[in-house]
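Engineer: Requesting a structural model of the entry that follows:
(chains A and B)
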Amino acid sequence: MPASLSRVQSQSRLRGIGGLTLAEFLRWFPWRVLVFAASGVAVLVFARVVWAAEENAKLAPLLYIFFSLWVAVLVLSTVATTQGAVSSEIEEGTAAWLIAKPIGRPAFVLSKFAGAIPAVLIGMVGIPGAIARVVLKRAADNGDTDFTAAQVMDVIANSSSRDEYMNLPSMSRYLGLLALIGTLMLLVVAVMILLGCVVRAQTAVLGLGIAAPVGLLLVGQLAPTAVAELTPGWVLTSIVDIISDNPAPVLAPILVTVVWIWVTLAGAVLLFSRREL
Amino acid sequence: MSTVTAHIEAHGQPAIAVHGLRKRFGRTDVLHGIDLEVPRNSVFGFLGPNGAGKSTTMKILVGLLRPTDGSAAVCGLDTVRDSVAVRASIGYLPQDSSYWRHLTVRGVLAFTARRYLDGSRSDLRRHVDDTIEQAGLSSLANRRVAKLSGGERQRLGVAQAWVGRPEVLILDEPSAGLDPEGRHEILELLDRLREQATIFFSTHILEDVERLSDTIAVLDRGRIVASGPIDTFLMGETGQYSLTLNGSSDGFLAALAEAPWVDSVEPTAETTWNITVTDRTAAEHLLLRSVVGHRDVQVVDFRPARRSLEEIYLELTEATAQAADDQAADEQGPAVVE
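Structural biologist: Okay, the predicted model is just below:
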């Protein structure tokens, strides 16, 4: 070994998280991110076509069609993409290859999440969200709706005139909607990582991953408000409310969901630390 | 100096020490409290039939499995408590090695080197290039892992275990499934590495063990049935020598049989005798001298009578199988005849 090289000294359980996060990040960029961005745009085009076929089209249905479809597509594609994040690495033996090196097990789990954050926030939500805003605005400006640009902004950004509910400016409201969607996707990623640490079969991970958001939606819709607002279901309810032109909080459900994301990741770390490879 | 090296030099521990190690999967006991010590800078061959528990032992050492009971230490550090530090001193080749398929050979080695070593990017690159050359992988450096043959993959496996320059190499069947040429290359590579690290390897190929190992242990049904320096194994504890003579040897042989350090003198051919001794040191000093001093006989050939490892291995594993069958029969009780 050349004298200029020295052995790494750290014995932290997070040892190796930087390199693993970078490796995970590179799995997402550029292809997966491009596919996600393209699927968002495809949903937008589809929604635009459906909406344009309607007589006396209003902008609000376009928003509803686009966002509800887009969130569904995002959830399903995130589940499909991340189903093997941990389970396939265990099944194929690459997890054992990594963990046999001086890499902390928590670092392995957390890097899966950390590496996905930029892809989820930029590729999945940010890029299609920005494109959607431009397209929606052009739809209004082209005069093929009854709405003026100011009305479009009102629908997109304010949703309604009840801004006192959040006391946010119009652009912030739109960004708030994107932030809610981004947080939901990060929760889905965290849940898929947790499932990968618990369940052996990849197909079972996939099935449970699809069932989890449905369960969340049911909790958000059916549970008493006080209970629902303690769960990540609140994020879904807020998204539905905003795209339905109803007032909805943004910050509080995001904070609750961030707590749940950390709880989920802590569970994943704990389970993976005990997992035999 | 790394903390691990400092630790060893301060305490002089063996490279690997295993005490009362047990492992249970569900209701099946795979390891029944094994004890093992691998001296530093030795090549230790770990033998045993399929399902004996060799891979399980290795996985426990590397921290992939947790022991049910007992302890295992590498370079004096506990494999459970000091897991990350232990793994910093180990290079591991699993039985079925897997790597991220999108990586190239160089990519696997560069990624692995960065987990073990600190240094500038150019120094690390040079170090990886050296390892690639040492492992005979130069022509494959930019090939994707998914496109490697079995032999190439195995060489990459040894190279990635070695690229971090660990103090201990744990190799689970490094030459399994290779053609004779591939096997030869792996053995050559290990032979080159023996000066620089402790090598603990498992295999079914007894010839490889004989060629490489200083010390061996035989594991069968989760129990160590024999362990020790390979010479002791091959020579037997008491020691046997083969002596071929010309001339009138009757008188000499009769006198030899009376020597206090000789246990028996048995003919194995017309002019060849197998001499079993009780004291190998005395035998090495006196046996040949006593023949040379005898006028009527000339020594044609004299050498330690080594048994083949295969013979010893089969003897050991068959004995364990027999013991297990006897125990099972005892537990079932006598057959009831109606």
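Engineer: For the chain, give me the ranges with low pLDDT.
Structural biologist: Using chain A. A:53-60, A:136-172 (pLDDT under 70).
Engineer: that answer is for a different chain, and I need it for chain B
Structural biologist: B:1-12, B:236-238, B:331-338.
Engineer: Can you pull the residues of it lying near chain A?
Structural biologist: B:2-4, B:59, B:62-66, B:82, B:84-85, B:87-88, B:90, B:92, B:94, B:96-100, B:102, B:111-112, B:114-120, B:123-124, B:126-127, B:164-165 (C-beta under 8 Å from any C-beta of the partner chain). C-beta: built from backbone N, CA, C; applies to glycine.
Engineer: 6 Å - rerun?
Structural biologist: Residues of chain B that fall close to chain A, judged by C-beta under 6 Å from any C-beta of the partner chain: B:2, B:62, B:64-65, B:84-85, B:87-88, B:92, B:96, B:98, B:100, B:114-115, B:117-119, B:123, B:127, B:165.
Engineer: So which of the residues you listed sit within helices?
Structural biologist: The helices, defined by DSSP state H, take in B:62, B:84-85, B:87-88, B:114-115, B:123, B:127 from those.
Engineer: What separation do you get for residue A:274 and residue A:93?
Structural biologist: Shown here: residue A:274 relative to residue A:93, a distance of 19 Å by C-beta to C-beta, to the nearest Å.
Engineer: quick one: which of the two has more around it?
Structural biologist: Comparing residue A:274 with residue A:93 by other C-beta atoms under 10 Å in any protein chain shown, the one with more neighbours is residue A:93, at 16 against 9.
Engineer: For that one, list the residues it contacts.
Structural biologist: Going by C-beta atoms under 6 Å, 6 or more residues apart in numbering or on different chains, residue A:93 touches B:96, B:98.
Engineer: where's it relative to residue B:224, distance?
Structural biologist: Counting by C-beta to C-beta - residue A:93 and residue B:224 are separated by 27 Å.
Engineer: List of residues touching stretch A:186-194?
Structural biologist: A:75, A:78, A:82, A:85-86, A:112, A:116, A:120, A:209, A:212, A:232, A:257, A:261, A:264-265, A:267-268.
Engineer: Next: stretch B:267-284.
Structural biologist: Taking C-beta under 6 Å, 6+ apart as the rule, stretch B:267-284 contacts B:238-245, B:261-266, B:305.
Engineer: Flag every residue of chain A that's near chain B.
Structural biologist: Close to chain B, as judged by C-beta under 6 Å from any C-beta, chain A has residues A:1-2, A:4-8, A:11, A:15-16, A:19, A:92-94, A:96-97, A:100-102, A:104, A:276-277.
Engineer: What subset of those is buried?
Structural biologist: Among the residues of chain A next to chain B, those classed as buried by 16 or more other C-beta atoms under 10 Å in any protein chain shown are A:1, A:5, A:7-8, A:11, A:15-16, A:19, A:92-94, A:96-97, A:100-102, A:104, A:277.
Engineer: which residue packs closest to residue 100, ignoring adjacent ones?
Structural biologist: Unless you meant another one, I'm taking chain A. Spatial nearest neighbour of residue A:100, excluding adjacent residues (C-beta to C-beta, 6 or more residues apart in numbering or on different chains): residue B:92 at 4.2 Å.
Engineer: my bad, chain B
Structural biologist: Per C-beta to C-beta, 6+ apart, closest to residue B:100 is residue A:94, 5.9 Å.
Engineer: Quick one: end-to-end distance for stretch B:21-34.
Structural biologist: Terminal residues of stretch B:21-34 are spaced 5 Å apart (C-alpha to C-alpha, to the nearest Å).
Engineer: That one: which residues count as buried?
Structural biologist: So for stretch B:21-34, counting by 16+ other C-beta under 10 Å, buried means B:21-23, B:30-31, B:33-34.
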